[in-house]
Every structure is written in structure tokens, then in C-alpha cells.
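Enquirer: Just a sequence and a predicted model for now, questions to come.
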Amino acid sequence: MPRILGIDPGSRITGWGLIDSDGRHSRHIASGCIRTAGEDLPARLGEIYRGVHRVVLEYAPAEMAVEQVFVAKNAASALKLGQARGAAICAGVAEGLPVAEYTPRMIKQSVVGTGAAEKEQVEHMVRLLLNLRTPLSADEADALAVALSHAHSRELRARLAGTRR
């Protein structure tokens, strides 16, 4: 089963989650958060890069999936989020990982069944799908949802490719 690293990027807290999955059966390997401190954005981006890089080196995922930036009303926040996302992606690409990207709506649709799901619903389904008994932080649950979404879409793409002639 391929090992997938899911990333929920944030300039203050970046969630990460690792699963082994064949698209139908998934197993939780590890998850956590990279917490940055201070007001110096470049230093925080460096912390994100190093944190994701450590996870990649320690757990050796085969693939990486990252949540795409959701642009809200605050352009400055969206820009910082995009930079955090870029730091995380660079850490995976530096180790040769293929990177897939998913919108928040696609992730919720894949894991919960509706693109309008609430955070609590996402966490509940992640815990159910991975048979986890302990609560997860919102960032961990979101990162694991990204990984699960990637696993599900890989399986679907593989099945569709197998039916085409």
C-alpha cells in the first residue's frame, strides 16, 4: 500500500497526516502539527519547510497531497497561506515526491460526501475511516482528510483507466 502524506498548510499551524492506503483500505501511520512562532514570516516558512522535510525523511511517503489555498476576503492572509503551502510543497519536491493538490470542497466531498461539510463532520469521518479512538486537532484531521481524499481519487482514477480501451 502506498504511503501518502497529507498537508493542511497554515502560516501558524501546518497539519500533517500519514496513511498507508490502497484507496479502499486506509491505515493511520502518524499525524501532527508544525507550529511556528514569532512575527518573522520568512523564519516561519523555514520552520514549515524543515518540519515537513523531517516528516518526509522519517516516514518515507511515496506521495504527497496538499490542500489548495482558499481565497477569502483577506488577500494578505491568502498570500501568507500560499507561501506556507509553497514551503511545504518544496519540502516534498526536494525529496522527489509527486504532489497532488485538492480544493477544500473536493476533500470534504471525498471524505464526508458533501462539499459543504463542517469541520466537526470531517474530523468524525476521518476518525471513523481510520478507526481512531482519540480526538484529533482540527489541523491533523484536515491533513488526514487530504491524504484520504488523495487515496480515494487515486483509486478512482486507476479504476477509470482500467475500464478505458
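Expert: Everything's here; your move. Values in this document were obtained by computation on a predicted structure and should not be read as measured data.

Enquirer: can you pull out the strands in the protein?
Expert: 3-8, 13-21, 26-35, 63-67, 99-102 (DSSP state E).

Enquirer: residues of the shortest one that come out buried?
Expert: Neighbour counts using 16 or more other C-beta atoms under 10 Å place Val99, Ala100, Glu101, Tyr102 of strand 99-102 among the buried residues. All C-beta spots, glycine's among them, are computed from the backbone N, C-alpha and C.

Enquirer: Quick check: the gap between the residue nearest to the first one when sequence neighbours are not counted and Ala116.
Expert: This means Val99. Distances taken as C-beta to C-beta, 6 or more residues apart in numbering place Met64 nearest to Val99, at 4.8 Å, with adjacent residues excluded. Distance, Met64 to Ala116, by C-beta to C-beta, to the nearest Å: 26 Å.

Enquirer: same thing with Val66?
Expert: For Val66 relative to Ala116 (C-beta to C-beta), the value is 21 Å.

Enquirer: Look at those two and report which has more neighbours.
Expert: Between Val66 and Ala116, Val66 has the larger neighbour count (other C-beta atoms under 10 Å), namely 24 against 9.

Enquirer: returning to what we had before: could I get the contacting residues of the residue nearest to Val99?
Expert: By C-beta atoms under 8 Å, 6 or more residues apart in numbering, Met64 lies in contact with Ile4, Leu5, Gly6, Ile7, Val56, Ile89, Gly92, Leu97, Pro98, Val99, Ala100.
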